[in-house]
Structures are given as C-alpha cells and as structure tokens.
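Peer 1: take a look and give me a structure for this.
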Amino acid sequence: MAATRAIAAVAGQTASCLLSKRPFALKQKPNSICFNRKTFVVSKRLFSCNAIYNPEVQIKEEGQPETLDYRVFFVTNSGKKISPWHDVPLHLGDGSFNFIVEIPKESSAKMEVATDELYTPIKQDTKKGKLRYYPYNINWNYGLLPQTWEDPCFANSEVEGAFGDNDPVDVVEIGGARRKIGEILKVKPLAALAMIDEGELDWKIVAISLDDPKASLVNDVDDVEKHFPDTLTAIRDWFRDYKIPDGKPANKFGLGNKAASKDYALKVITEANESWAKLVKRSIPSGELSLV
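Peer 2: Now for the predicted structure:
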C-alpha cells in the first residue's frame, strides 16, 4: 500500500519557488533577474528562489519497494507533488546545503531520482528491465544536491576534458546515522572527488550532516582525514571498483586521484547550480529531462 510519512521541513529555512503554474511569492534580492517566475542570482552567487513561506515536505510512496513501479514522491502539506530536484532549495544561506538521500548507508538497491519522469520521484534504477543493485552495500548515505546539474555539453578542462553526466551532483554523507530514502538533510561540504565514469565526469561531494555528533569537528578535507581516518580513500576505492564484479573496467579519478578541498567542492556546486539555472530557464535544451 502507498504510504505517506512526514520528513523534516526543508531545514527550517527558505523554500524554493515551485515551477510554472504554481502560486508563490518572491523576496527580491539585489542584482537578480527573474526568468519564468523564478529568480536567479547573477555572477558568482548561487541561483535559488526564496519563498516567503516554509512548507513542510512529506514523502509519499507508491507501489512496493524493490519493484519496477515503486516511486517515492515529494508532496507539500496540501498534497501537491513537487520535484526533489527542482523544488527543494539548494543553498540555505549559512554555508550549508540541502541534501536528499536516495540510498541509505548499508544498503545495495540502486535508488535514484528519475530525472526523466514528471516530478522526478525517487525510484530504483533498471537495466534491460531488471532492477539494479550494487554488488555490495554502500557504506555511506548517498544522494543528490537539488538544483544542480552536470552539463553533458560542458568539457571540464581541469578534469581531462570530461563532460558532465547529465545528472544532479552526487553527495556521499559520512555521518554515523543510517538515513531514510527521501530524507532531506542539512549538510556542509568537506571535499570533492572527480570520478570519471566511462568518460563522463561524475562529481562526488563528500559532506556531513550538521546534526551528526562529529559535524563541528570537520570543516575541510584535512579534518576528514583526522576524524574519519581512511574514509576518503575508502570512498574513492568503493566508487572506483563497484562495477568490476559486473565485468566493467574500474572508474578513474581526476585531480591527481585525490580528494579536493572544501573550497573546490563549493566551486563545483556553484558551477553545477549555474548549469541547472540555465537548464530550467531553457537556455540549454533539456532533451528527455523533466523540468517539472
């Protein structure tokens, strides 16, 4: 049976503007431009809409887990479906970001936001009509940063000229708690790994939830090495090797095969947010991607 369960309000901060034909009110910021009823801040600032209300978000499950028709939708208190990719805000204004859990730690079902479906619900990935699983459990909470997009037409000169993978930016959350599918966490970025998957650039932002007991101890890549020893190496090795049991080659990593700093991670997030803004205002063809 479908079930609805409440999750945290979007970190108690600003909510994003809902997409076309949905009512909202905006607080205008200096140096901003409105496109299609949304506000995108220009220059180096993050693109994000600020609504004057803070709706609590719920998730609504449809279908049974580990079936082809299973979906996790995001809905407002009034029952309206929203997109976790487009409608949940990215930046919270205090150096932290919203992170949406797709895959809880110590699980193997390959869950992901369906970027080509209306309202982009979370579903289990498939290949040739069969549900996909990792060959072994992932050891961290894994998911996405909303309002980001890795442009498949942009070649990154700093990472072997690799093009974006056409998805939101991925996050590996290293906190101790096992989270739930669809949970929205307030996180701070700590590092970035430049994974190259079959020639595509697939960033992995290493972050920690602010409610984790160790969150105050870690603020950059060196702190991760100190307080979570060997974790960065373990993350890199896990993502390097997880396709090998299926007969595929190991993934590669750019930037000297090392984790980049927090500042570099913030640069990656800002660029991906700018690409998302161009996508939703239709400056870039969307192809099969859903913008609702």
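Peer 1: and residue 132, how far from residue 93?
Peer 2: 36 Å (CB to CB, to the nearest Å). (Glycine included, C-beta is placed from N, CA and C.)
Peer 1: who's more crowded, these two?
Peer 2: Under the neighbour definition other CB atoms under 10 Å, residue 132 and residue 93 were set side by side, and residue 132 has more, 15 against 11.
Peer 1: so who does the more buried one touch?
Peer 2: The contact partners of residue 132, by CB atoms under 8 Å, 6 or more residues apart in numbering, come to 109, 110, 124, 125, 126.
Peer 1: from the residues you listed, which is closest to residue 206?
Peer 2: residue 110 (19.7 Å; CB to CB).
Peer 1: residue nearest the centroid of the chain?
Peer 2: Compute the mean C-alpha point of the chain, and by CA atoms, centre = their mean the closest residue is residue 144, 1.4 Å away.
Peer 1: and that one, what does it touch?
Peer 2: Counting by CB under 8 Å, 6+ apart, residue 144 has contacts 84, 85, 99, 100, 102, 113, 167, 168, 169, 170, 171.
Peer 1: switch the cut-off to 10 Å
Peer 2: 84-85, 88, 98-102, 112-113, 115, 120, 122, 167-171, 205 (CB atoms under 10 Å, 6 or more residues apart in numbering).
Peer 1: I'd like to know how far it sits from residue 98.
Peer 2: 10 Å.
Peer 1: list residues touching both of those two?
Peer 2: 84, 88, 171.
Peer 1: let's have these in TSV, adding pLDDT.
Peer 2: Below are the shared contacts of residue 144 and residue 98 laid out as TSV (pLDDT from 0 to 100):
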residue	pLDDT
84	98
88	96
171	98
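Peer 1: where is the longest helix in this structure?
Peer 2: What stands out as the longest helix in the chain, according to DSSP state H, is helix 262-280.
Peer 1: neighbouring strands of the host helix or strand of residue 203 in the sheet, and parallel or not?
Peer 2: According to DSSP states H and E, residue 203 maps onto strand 200-209. Strand pairing for strand 200-209, using DSSP bridges, gives strand 162-164 (parallel), strand 170-173 (parallel), strand 184-197 (antiparallel).
Peer 1: so can I have TSV of those showing distance to residue 242 and mean neighbour count?
Peer 2: Below are those laid out as TSV (distance: least, CB to CB, whole Å; neighbours: other CB atoms under 10 Å):
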stretch	distance to residue 242	mean neighbour count
strand 162-164	19	20
strand 170-173	13	24
strand 184-197	10	23
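Peer 1: those strands: which one's closest to residue 149?
Peer 2: The nearest among the strands paired with strand 200-209, by CB to CB, is strand 162-164 at 7.5 Å.
Peer 1: residue 70 and residue 182 touch, don't they?
Peer 2: No - applying CB atoms under 10 Å as the test, residue 70 and residue 182 come out as separate, 12.0 Å apart.
Peer 1: give me the common contacts of these two.
Peer 2: Counting by CB under 10 Å, 6+ apart, the common neighbours of residue 70 and residue 182 are 61, 111, 121, 122.
Peer 1: any chance of the backbone angles for the residue nearest to the third one when sequence neighbours are not counted?
Peer 2: The spatial neighbour of residue 121 that comes closest, neighbours along the chain excluded (CB to CB, 6 or more residues apart in numbering), is residue 71 at 4.1 Å. In terms of degrees, to the nearest 10, the main-chain angles of residue 71 are phi -140, psi 140.
Peer 1: what sits against residue 71?
Peer 2: Listed by CB under 10 Å, 6+ apart, the contact set of residue 71 reads 2, 60, 61, 62, 63, 114, 117, 119, 121, 122, 123, 124.
Peer 1: in the stretch of helix or strand residue 222 belongs to, what counts as buried?
Peer 2: Residue 222 is part of helix 221-227, with elements assigned from DSSP H and E. Neighbour-count burial for helix 221-227 flags 221, 223, 224, 225 (criterion: 16 or more other CB atoms under 10 Å).
Peer 1: and the third one, how far is that from residue 189?
Peer 2: Spelled out, that is residue 224. For residue 224 relative to residue 189 (CB to CB), the value is 11 Å.
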